[in-house]
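Asks: please work out how this folds:
(one chain, ligands or ions: 1)
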Amino acid sequence: MARVLSGIQPSGDLHLGNYFGAVRNWVQDQDVADAYFCIVDLHALTLSIDPEVLRRQTLDAACVLLAAGLDPQRCTLFVQSHVPAHQQLTWLLECTATMGELRRMTQFKDKGGGQESVRVGLFTYPVLMAADILLYDADQVPVGDDQRQHLELTREIAGRFNHRYGETFTIPSATIPKVGARVMDLQAPERKMSKSSGSPLGTVGIMDPPAEIIRKVKKAVTDTDGIVAWDPAGKPGVTNLLSLLGAATGQDPTTLAEDYQRYGDLKGAVSEALIEALAPLQARYAELQADLSGVIDILRAGSDQASSVASSTYLRAADAVGLLRP
Ligand code: TRP
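Replies: Numbers count the residues shown, from 1 in each chain. Next up, the predicted model:
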């Protein structure tokens, strides 16, 4: 069985882009792969975040992922900072990656914007991500399109390390999901739905109550020609609604257009489908919230399992570079 690893930031309310673009695919990966999923709390420290908020959101992310269908019997769910090898391997990889490589990362350029006050951790972010992946000998890494460059860097670093010190790491491949990979902002359908850079009205949270979903979908930007059609370039707003409807119902979004004559009807169908798709998830989430100690137990078991894999990979790498064993 292939080993799959992916990570998600504990950035608070996950939205439909996270769910349809990533998390829902992870749920399927559990059955076909040896799957590891990591809540990357250390990555969250690269930008300003309140300590209490970080702690709360980390646990909350675990609840959301479990509610969405990650099953601790079928995958390993853990928190990055609970497995010390992530930070240990990062140093070895920082001594493998180059300044030039990291400077070319578009995410750093976007978020760092060339300011002097930018955190060093934001610069080395992709190296920590490489450690997340390489520690588990991951064959496949399901990520969104925006993470493709980080995956390329991971492959580069792993290859260089192997070349310099002998075969140590498995070279991973990115798997970019085919379905629902891109959920766009309802208010600005040419932009990806995003908690940090999107508009609140254009971002639908997984835990949004039905009235909120109806309101946001109703306000979604369309266009003025009044024709329901699948046309990503010419009609990004309508196309986004169709693709949400497709994602929520499991139907082919490109043919759904035929069923609707008016934007209002399409929007009604979209909110209904989203409410129905999210209801079971929201119910499970409420149950988990009522038993947080159970969630903590799941994370503890996850980090035990993850640590046993990660610490042996780290040792292999430490031996390879010539660190004296304690
Ligand atoms: N950088 C990823 C994101 O922002 C999150 C992440 C961290 C990740 N470590 C990872 C994804 C390892 C895949 C594998 O989405």
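
Asks: the residue in the chain positioned nearest to the ligand: what secondary structure?
Replies: Residue of the chain nearest the ligand, by CB to the nearest ligand atom: residue 7 (2.9 Å). Bear in mind the C-beta positions are built from the backbone N, C-alpha and C, glycine included. Recorded secondary structure, residue 7: strand (DSSP: H, G, I helix; E, B strand; the rest coil).

Asks: so which residues on the protein come close to the ligand?
Replies: 5, 6, 7, 9, 40, 43, 129, 132, 133, 141, 143, 147 (CB under 6 Å from any ligand atom).

Asks: where does the residue lying closest to the first one once chain neighbours are set aside land in three-state SS?
Replies: Looking back up the chat, that one is residue 5. Spatial nearest neighbour of residue 5, chain neighbours left out: residue 138 (3.8 Å); criterion: CB to CB, 6 or more residues apart in numbering. Residue 138 falls in the coil class when you classify it by three-state DSSP.

Asks: now do residue 138, the pLDDT please.
Replies: On the pLDDT scale, residue 138 is placed at 98.

Asks: again, but for residue 181
Replies: 52.

Asks: nearest spatial neighbour of residue 276, skipping sequence neighbours?
Replies: residue 248 (7.3 Å).

Asks: got a list of what the one you found touches?
Replies: 20, 270, 273, 274, 276, 277 (CB atoms under 8 Å, 6 or more residues apart in numbering).

Asks: and for residue 65?
Replies: By CB under 8 Å, 6+ apart, the neighbours of residue 65 are 8, 23, 26, 37, 39, 77.

Asks: now pLDDT, distance to residue 206 and secondary structure too, for these, in a markdown table please.
Replies: Compiled in a markdown table, the contacts of residue 65 are given as follows (pLDDT from 0 to 100; distance: CB to CB, whole Å; DSSP: H, G, I helix; E, B strand; the rest coil):
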| residue | pLDDT | distance to residue 206 | secondary structure |
| --- | --- | --- | --- |
| 8 | 95 | 12 | strand |
| 23 | 93 | 8 | helix |
| 26 | 95 | 14 | helix |
| 37 | 98 | 16 | strand |
| 39 | 98 | 15 | strand |
| 77 | 98 | 17 | strand |
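
Asks: where along the chain do the helices fall?
Replies: 16-18, 24-32, 41-44, 51-68, 85-94, 99-103, 106-112, 120-134, 148-165, 210-218, 236-249, 253-256, 263-289, 292-321 (DSSP state H).

Asks: okay, those in TSV with distance to residue 1 next?
Replies: Listed next are the helices of the chain as TSV, based on distance: least, CB to CB, whole Å:
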stretch	distance to residue 1
helix 16-18	25
helix 24-32	8
helix 41-44	27
helix 51-68	21
helix 85-94	22
helix 99-103	32
helix 106-112	31
helix 120-134	17
helix 148-165	21
helix 210-218	37
helix 236-249	27
helix 253-256	31
helix 263-289	26
helix 292-321	14
